[in-house]
Structures are given as structure tokens and as C-alpha cells.
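S.K.: Here's a sequence, model it:
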Amino acid sequence: MFSVRKNLPITLMLFLQYTLWGAWYVTLGTYLGQTLQFTGTQIGLVYGTFALSAIFSPLISGVLADHLYAPRKVLASLHLLGVIFLFFIVQSETFTDVYLLIFLYALCYMPTIALTNSIAMANLDDPESDFPKVRVMGTLGWILVGWVVSFLEIEASYYPIFIALGLSLLMVLNCWWLPKEVNTSAKSSVSFKTLIGLDALMLLKERAFLTLMLASLLISIPLSFYFGFTNLFLNDIGVSYPAAKMTFGQVSEILFMLLLPVALRKFGIKWIVLAAMLAWALRYLSFSLGADNNFALLMLGILLHGICYDFFFVAGQIYVNQSAPSRLRNSAQGLLTQFTYGIGMFLGTWLSGLTVTYFTSENQYHWQPIWLVPAALSLAVAVGFYFIFPSIKNK
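M.R.: Numbers count the residues shown, from 1 in each chain. You can find the predicted model right below:
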């Protein structure tokens with residue numbers, strides 16, 4: 001049975017992990033554009049540092065946590081370095097300085113996504129059932145801090161970065177409250193092959209694992225359309241309070257997070273992931289058809305966020321935890337982060353920018369064809385996944 005008291009350190013870890021990210025990531029573009037007067041291209045390059053860092057850093061940190069150091073110590077060290085970089089970010093005003101410092105921060109933060117997943121699952125009695133129960137606190141934290149920043153009207157200032165700095169310090173302290181490592185694998189005599197992450201890459205020999213990884217990469221491309229252009233889209237077509245309305249997506253995420261364990265047991269990983277892919281296609285089709293300010297269709301697209309995110313990314317994290325041997329779980333989660341937040345997001349940022357530029361004329365966005373591109377891509381990935389991924393009931 002799930003114990004709230006026993007799992008409180010894990011729950012607080014996930015709450016802080018996503019609250020400190022949500023504190024400043026969403027409003028960073030406003031701060032860079034309105035306060036520091038960065039150009040749109042410069043803002044895009046700054047956001048791209050998170051994708052670039054997700055390509056290089058998570059697997060390395062996973063190897064450290066799997067073979068050399070206790071995962072909670074790696075997590076604490078990365079967040080402590082992040083505090084230093086956040087402090088200097090608020091002191092910087094030039095594009096070169098801000099870009100470099102945020103890139104260094106991202107190199108510290110992005111690996112912690114995989115690490116927190118691994119630490120949580122390693123210490124939960126029933127990861128498949130219990131992980132969504134603790135992970136949902138990260139979503140609640142993201143919503144809460146977004147409302148706080150909005151209510152205080154500090155979106156265009158550097159104060160959200162200071163909030164993230166303070167929360168990061170709390171995260172460092174919480175790391176010492178986390179359960180001591182339970183991995184009994186040797187922490188010495190690590191081969192060069194292990195250090196460069198080839199052990200985790202060996203997991204790709206399994207057809208199901210490889211298919212899920214490639215599908216994760218591909219579905220992350222249309223995901224970039226949503227995070228990069230939904231707020232601009234809603235503002236452009238005249239929707240009132242678009243940022244507030246977008247938080248309903250996180251509300252639906254909470255609901256589907258709690259439904260996920262039951263759905264996984266009943267339908268299995270293949271049908272859960274397939275449902276998420278089809279939901280991505282439906283979301284973008286709703287945006288395309290609702291581009292004439294059809295509020296019902298727009299809200300449908302927003303509310304689908306729960307199934308889009310939870311039934312793919314969280315379900316994928318659970319599957320990776322089940323599929324990888326215990327000695328490689330941190331590295332495997334890092335590999336998933338590389339494929340999604342790294343390569344997939346990087347390609348998605350590039351493709352979404354090209355698409356929006358192509359369908360823009362005389363400073364007028366043509367949103368209907370823009371949203372049909374990620375809709376078609378999501379549907380194509382879903383069809384390929386259906387035919388290639390084997391039917392596995394409980395994985």
C-alpha cells in the first residue's frame with residue numbers, strides 16, 4: 001500500500017524539480033524580449049540550449065549515478081551548480097553572457113529529469129502504480145508557481161529566476177533527506193565503454209525498446225509546436241487570458257496521471273502510447289479547425305494535454321524503468337531524455353520555426369495549415385508505432 005509518510009521525500013523531490021523549472025522557463029521569453037530587448041532569433045537560440053544540453057548531458061550523469069556515485073549526491077551536486085549559474089544569469093544583460101550561462105545551467109538541469117525519475121522508481125514499492133501518484137506533485141507545483149508569478153505580475157522581471165534559485169537550494173537540502181542508494185551494483189572498475197554510455201545503448205537491440213525510443217524522438221517533434229507557438233497562436237487570434245487558459249492542460253494532466261496505473265494494467269503499454277499519439281494528432285487538428293476562434297475546439301486541444309503527455313512520456317518512463325536492468329536504469333532514463341527533450345525537441349524547434357515562417361505572409365500567420373503539419377506528423381508516427389511495436393500486456 002502506498003505510504004504518504006514514507007514517500008514524502010520522493011514526493012517533495014518531484015514537487016521541487018518541476019516547480020523550480022516552471023517558475024522561470026515559461027516566462028523566460030518575456031524577460032528576454034521585453035526587459036533585455038533580445039530579438040526573436042536570440043530568444044529561440046536561448047531556449048534551444050535546453051534541447052542541446054539534453055542531447056549531451058543526461059547519459060553521462062546516468063553513468064555517474066549508475067556506476068560511480070550515489071544518485072542523490074549527483075542530483076544534489078547538479079542542482080547546487082545550477083544555483084550558481086542562476087545567480088549569475090540575473091546579473092547578465094548581453095546575449096552572449098545570458099546564452100552561455102543558461103546553456104551551462106541547462107547542462108546541469110536536464111540530467112536531473114532522468115535522475116529524479118530513477119531515484120523515485122528505485123525507492124517506490126510498486127513503481128508502475130506509485131510513480132504517477134508522486135509525479136503528479138510536479139504538475140501541481142508547475143501550476144502553482146505559474147499562478148504565483150502571474151498574480152505578482154513579475155513575468156518580465158528576473159524575479160522568477162530568483163524564485164527558481166531559492167527552490168533549487170531547497171532541492172539540494174531535500175537530496176540529503178532522500179533514501180540512501182539501494183543499487184548494489186559495483187561502483188568501481190568502470191570500463192571505457194560504460195563511461196561513454198555504450199552499455200545503455202545496448203538496450204536498443206530489443207525491438208520494443210528501440211521502437212519506443214524512436215517513437216519518443218519523433219513525437220517530441222510535434223510537441224515543440226505546442227510549447228513554442230500555442231501561446232502566440234491564442235494571442236494572435238484574440239483569445240483572452242491565453243496563459244491562464246493553457247493551465248487547464250496541466251489540470252487535465254493531473255487527472256490522467258492518476259488514471260495511468262489503472263490504464264496500464266488494463267490495456268498495456270502499446271495501446272496507452274498509441275492513444276497518446278492519436279491524441280497529439282487530434283489536438284493539432286482541433287487547433288487547425290478552431291483557428292477562426294472556435295473556443296470549444298481550442299479548449300479541446302488544450303485539455304488533451306493530459307493524455308498527450310502522461311500516456312506517452314510518463315508511461316514511457318515507467319516502461320524504461322521496467323525494461324532496463326537495475327545497474328543501467330539511470331543511464332536508460334538519461335537515454336530517454338536525450339531522445340525526447342534533446343534530439344526530438346531540437347528537431348522540433350527547427351521544423352516548427354520553418355513551418356511558421358513558410359505559412360506567414362505580410363506579418364499574417366496562417367494557422368490552419370501550420371497546425372496541420374504536426375497533426376499529420378503525429379498521425380504518421382502513430383501508424384508506424386501500431387505496426388512495429390509488439391503487443392506487450394504489462395510492460
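
S.K.: For the stretch 101-250 of the chain, just list every one of the helices.
M.R.: Assigned helices in the stretch 101-250 of the chain, in chain order: 127-152, 159-175, 192-195, 198-201, 207-236, 242-289 (criterion: DSSP state H, counting those that start in this stretch).

S.K.: Select, out of the ones you listed, the one closest to residue 115.
M.R.: helix 159-175 (10.0 Å; CB to CB). (Glycine included, C-beta is placed from N, CA and C.)

S.K.: how far does the closest one sit from the chain's center?
M.R.: 19 Å (CA atoms, centre = their mean, to the nearest Å).

S.K.: Give the buried residues for that helix.
M.R.: 159-165, 167-169, 171-172, 174-175 (16 or more other CB atoms under 10 Å).

S.K.: Using TSV, lay out the helices of the stretch 101-250 of the chain together with mean pLDDT and distance to residue 316.
M.R.: Formatted as TSV, those follow (pLDDT from 0 to 100; distance: least, CB to CB, whole Å):
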stretch	mean pLDDT	distance to residue 316
helix 127-152	87	12
helix 159-175	96	24
helix 192-195	56	24
helix 198-201	69	15
helix 207-236	87	6
helix 242-289	91	7
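
S.K.: Output these in JSON lines, with distance to residue 91 appended to each entry.
M.R.: Shown next, in JSON lines, are these (distance: least, CB to CB, whole Å):
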{"stretch": "helix 127-152", "distance to residue 91": "20"}
{"stretch": "helix 159-175", "distance to residue 91": "10"}
{"stretch": "helix 192-195", "distance to residue 91": "35"}
{"stretch": "helix 198-201", "distance to residue 91": "37"}
{"stretch": "helix 207-236", "distance to residue 91": "27"}
{"stretch": "helix 242-289", "distance to residue 91": "27"}
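
S.K.: closest one to residue 99 among those helices?
M.R.: The nearest among the helices of the stretch 101-250 of the chain, by CB to CB, is helix 159-175 at 14.8 Å.

S.K.: How about the residue most central in space within the chain, nearest residue that isn't a chain neighbour?
M.R.: Taking CA atoms, centre = their mean, the centroid of the chain lies closest to residue 341, which sits 6.2 Å from it. Closest residue in space to residue 341, ignoring its immediate chain neighbours: residue 54 at 3.9 Å, by CB to CB, 6 or more residues apart in numbering.

S.K.: do the same with residue 214
M.R.: Distance criterion CB to CB, 6+ apart; nearest residue to residue 214, sequence neighbours excluded, is residue 339 at 7.7 Å.

S.K.: Could you check how far the one you found is from residue 33?
M.R.: Counting by CB to CB, to the nearest Å, the gap from residue 339 to residue 33 is 30 Å.

S.K.: Look at these two and report which has more neighbours.
M.R.: residue 339 (23 against 15; other CB atoms under 10 Å).

S.K.: surely the more buried one meets residue 215?
M.R.: No. Applying CB atoms under 8 Å, one finds residue 339 not in contact with residue 215, separated by 9.3 Å.

S.K.: any idea of the mean pLDDT in the helix or strand harbouring residue 355?
M.R.: Assigned by DSSP states H and E, residue 355 falls within helix 345-358. Mean per-residue pLDDT for helix 345-358: 85.

S.K.: List the buried residues of it.
M.R.: Neighbour count says helix 345-358 has 345, 346, 347, 348, 349, 351, 352, 353, 355, 356 buried, by 16+ other CB under 10 Å.

S.K.: Check stretch 86-95 too.
M.R.: Within stretch 86-95, the residues scored as buried using 16+ other CB under 10 Å are 86, 89, 90, 92, 95.

S.K.: And stretch 283-295, by the same measure?
M.R.: Buried residues in stretch 283-295 (16+ other CB under 10 Å): 283, 284, 285, 286, 287, 288, 289, 290, 291.

S.K.: Setting aside sequence neighbours, what's the nearest residue to residue 35?
M.R.: Per CB to CB, 6+ apart, closest to residue 35 is residue 156, 5.2 Å.

S.K.: Check the one you found and give its pLDDT.
M.R.: The model's pLDDT for residue 156 equals 82.

S.K.: ok, it - contacts?
M.R.: Applying CB atoms under 8 Å, 6 or more residues apart in numbering to residue 156 gives the contacts 27, 30, 31, 34, 35.

S.K.: who touches the third one in this structure?
M.R.: Just to be clear, that refers to residue 31. 24, 155, 156, 157, 158, 160, 161.

S.K.: so what's the second one up against?
M.R.: Shown in contact with residue 155 (CB under 8 Å, 6+ apart): 27, 30, 31, 149.

S.K.: do that again at 6 Å, thanks
M.R.: Shown in contact with residue 155 (CB atoms under 6 Å, 6 or more residues apart in numbering): 27, 30.

S.K.: Same question for the first one.
M.R.: Going by CB under 6 Å, 6+ apart, residue 24 touches 160, 161, 164.

S.K.: so can I have CSV of those showing distance to residue 266?
M.R.: Shown next, in CSV, are these (distance: CB to CB, whole Å):
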residue, distance to residue 266
160, 40
161, 43
164, 38
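
S.K.: residues in contact with stretch 12-23?
M.R.: Contacts for stretch 12-23 (CB under 6 Å, 6+ apart): 116, 134-135, 137-138, 141-142, 145-146, 160, 163-164, 167-168, 170-171, 174.

S.K.: if you set the cut-off to 7 Å instead, what comes out?
M.R.: 112, 116, 119-120, 134-135, 137-139, 141-142, 144-146, 149, 160, 163-164, 167-168, 170-171, 174, 178 (CB atoms under 7 Å, 6 or more residues apart in numbering).

S.K.: Alpha carbons only: can I get it in PDB?
M.R.: Extracted in PDB, the C-alpha atoms of stretch 12-23 (Å, rounded to 0.1, in the frame of the first residue of the first chain):
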ATOM      1  CA  LEU A  12       8.900  16.700  -2.300                       C
ATOM      2  CA  MET A  13      11.800  16.000  -4.700                       C
ATOM      3  CA  LEU A  14       9.400  15.800  -7.700                       C
ATOM      4  CA  PHE A  15       7.400  18.800  -6.500                       C
ATOM      5  CA  LEU A  16      10.600  20.900  -6.300                       C
ATOM      6  CA  GLN A  17      12.000  19.500  -9.500                       C
ATOM      7  CA  TYR A  18       9.200  20.800 -11.700                       C
ATOM      8  CA  THR A  19       8.200  23.900  -9.600                       C
ATOM      9  CA  LEU A  20      11.600  25.400  -9.900                       C
ATOM     10  CA  TRP A  21      11.600  24.800 -13.700                       C
ATOM     11  CA  GLY A  22       8.100  26.200 -14.200                       C
ATOM     12  CA  ALA A  23       9.000  29.300 -12.100                       C
END
